[in-house]
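Colleague: show me how the following folds:
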Amino acid sequence: MPAIVNERIAHLIQELVDSGQELGLQVAAYLRGKLVVDTWAGVADEKTGRKVDGDTLFTSWSTTKGWVATCVHILADRKNLGYDEPIARYWPEFAAKGKEKATVQHALTHMTGVPQMPEKATPEMMCDWDAMCRAIASHAPLWAPGTKTGYHAWTYGWILGEIVRRVDGRPIAQFAREEICKPLGIRDFYLGIPDGVEARVATLRHGPKPVDAPEFAPDSANAMAMPSHLTSADVVNRPDIRRASVPGGGGIMNARAIARHYAMLAEGGSLDGVWLLSKGTIDKARTLQTDDVDVVLERRVRKGLGYFLSGPVDVGGVIAMSSKTGAFGHPGLGGSIGFADPESRFAFGLTKTLLTVVTEPTKTTAFVVAQEVRKELGIGG
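Modeller: Okay, here's the model as predicted:
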């Protein structure tokens with residue numbers, strides 16, 4: 001690891017904490033298959049004063065979705081499922097109320113028409129895998145599957161996680177652990193933590209909401225997909241949620257784990273001699289599927305198969321990944337992110353304690369830090 005690069009990024013994120021812009025951070029990055037940044041700053045728990053270290057774990061919200069997508073692509077790569085196949089082929093109950101033509105590709109691109117959480121959903125219900133899957137399968141779609149894209153903020157995880165379980169037989173938490181984490185030597189990614197790591201998990205909180213933050217109507221698709229009583233730091237900080245498999249947004253991980261996962265993808269499917277995916281499958285996964293206006297987020301988003309895509313903001317790209325096209329990954333609520341840039345053979349992970357809403361994409365911590373890492377490493381972005 002180039003010490004001077006790590007030191008400079010350490011200094012940058014400490015400045016962000018000292019300024020009050022951030023509370024606790026971890027950053028990790030790989031270049032050409034090697035760990036080149038691994039640093040942290042700030043506090044993991046304000047009440048106890050516990051500091052962030054390299055082993056601190058963070059609930060990283062929708063950064064989890066990138067891991068879920070990789071699980072699906074592993075099965076597709078092995079010819080165990082087809083992207084164009086109806087979900088109902090693997091999960092017959094999902095065909096209810098007009099969803100019989102919804103495909104695996106639709107699930108990966110947020111087009112099944114069921115972003116809405118069950119009306120009676122509670123944090124306790126979110127811990128009950130079978131109850132959530134039954135409720136989501138029984139939903140009538142808000143639009144005909146395949147005709148619109150709308151961010152499946154929570155339901156993405158149960159839909160794709162149940163597809164994995166129906167196809168493979170293993171719950172997605174087990175599949176991710178055995179098929180991604182174990183081969184790559186990743187220790188710290190969890191879809192449901194064991195009791196023994198509880199003391200390492202950061203306590204999240206929300207930062208102040210900007211005056212120019214978007215407002216969504218109470219009856220909007222956004223409010224249905226991300227109900228405020230479920231989509232909050234208080235909910236994901238709960239011990240029962242931390243121990244549950246909530247793959248739409250409840251994954252618990254550190255920056256090292258995120259960066260190593262994406263390093264494998266940036267290297268064409270292998271890392272340190274371990275092959276998980278073919279380059280062809282990765283290239284298909286990062287190919288643009290839609291950049292339409294997302295009816296839940298109410299803005300354009302460039303989407304691949306399960307991952308969000310880089311590019312200019314005005315066409316819906318996640319500029320923190322790169323202002324150019326080609327990079328792919330997933331951000332999480334409040335500012336966490338993970339991504340791979342195969343052209344630069346670069347991978348990046350960032351986790352954080354303070355959940356912030358930043359309306360200017362070039363002022364997010366993810367953008368600022370990733371840009372500085374690229375600059376220090378001498379790669380474009």
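Colleague: contacts and neighbour counts: CA atoms only from here.
Modeller: Will do.
Colleague: just checking, what packs against the lengthiest strand in the chain?
Modeller: When the chain is parsed with DSSP state E, its longest strand is strand 34-45. Judged by 3 or more CA pairs under 8 Å, 6 or more residues apart in numbering; DSSP states H and E, the packing partners of strand 34-45 are helix 3-18, strand 24-31, strand 50-51.
Colleague: at 10 Å instead, please
Modeller: Counting contacts by 3 or more CA pairs under 10 Å, 6 or more residues apart in numbering; DSSP states H and E, strand 34-45 is packed against helix 3-18, strand 24-31, strand 50-51, helix 255-266, strand 346-352, helix 365-377.
Colleague: just put those in CSV and tack on mean neighbour count.
Modeller: Below are those laid out as CSV (neighbours: other CA atoms under 10 Å):
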stretch, mean neighbour count
helix 3-18, 17
strand 24-31, 28
strand 50-51, 16
helix 255-266, 29
strand 346-352, 32
helix 365-377, 19
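Colleague: reformat those as TSV; add distance to residue 105 and mean pLDDT.
Modeller: Listed next are the helices and strands packed on strand 34-45 as TSV, based on distance: least, CA to CA, whole Å; pLDDT from 0 to 100:
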stretch	distance to residue 105	mean pLDDT
helix 3-18	38	96
strand 24-31	29	98
strand 50-51	41	98
helix 255-266	19	98
strand 346-352	25	98
helix 365-377	28	97
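Colleague: any chance of CSV for the ones you listed, columns distance to residue 220?
Modeller: Shown next, in CSV, are those (distance: least, CA to CA, whole Å):
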stretch, distance to residue 220
helix 3-18, 35
strand 24-31, 33
strand 50-51, 39
helix 255-266, 32
strand 346-352, 29
helix 365-377, 28
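Colleague: which among the ones you listed is found nearest to residue 107?
Modeller: Between residue 107 and the helices and strands packed on strand 34-45, the shortest gap by CA to CA is with helix 255-266, which sits at 20.8 Å.
Colleague: residue 283 and residue 340, how far apart?
Modeller: Residue 283 sits at a distance of 12 Å from residue 340 (criterion: CA to CA, to the nearest Å).
Colleague: who's more crowded, those two?
Modeller: Remark: of residue 283 and residue 340, residue 340 carries more neighbours, 33 against 15, as counted by other CA atoms under 10 Å.
Colleague: what helix or strand is that one located in?
Modeller: Residue 340 belongs to strand 337-341 when assigned by DSSP states H and E.
Colleague: one step back: overlap in contacts, residue 283 and residue 340.
Modeller: Common contact partners of residue 283 and residue 340 (CA atoms under 10 Å, 6 or more residues apart in numbering): 265, 326.
Colleague: three-state assignment of residue 322?
Modeller: Three-state call for residue 322 (DSSP: H, G, I helix; E, B strand; the rest coil): coil.
Colleague: list the contacts of the residue lying closest to it once chain neighbours are set aside.
Modeller: Closest residue to residue 322 apart from its sequence neighbours, by CA to CA, 6 or more residues apart in numbering: residue 381 at 4.7 Å. Contacts for residue 381 were tallied using CA under 10 Å, 6+ apart; they are 310-311, 319-325, 327, 341, 344, 370-371, 374-375.
Colleague: mind checking how far residue 381 is from residue 282?
Modeller: With distances taken as CA to CA, residue 381 is found 20 Å from residue 282.
Colleague: do residue 100 as well
Modeller: Separation of residue 100 from residue 282 (CA to CA): 27 Å.
Colleague: who has more neighbours out of these two?
Modeller: Between residue 100 and residue 282, residue 282 has the larger neighbour count (other CA under 10 Å), namely 22 against 16.
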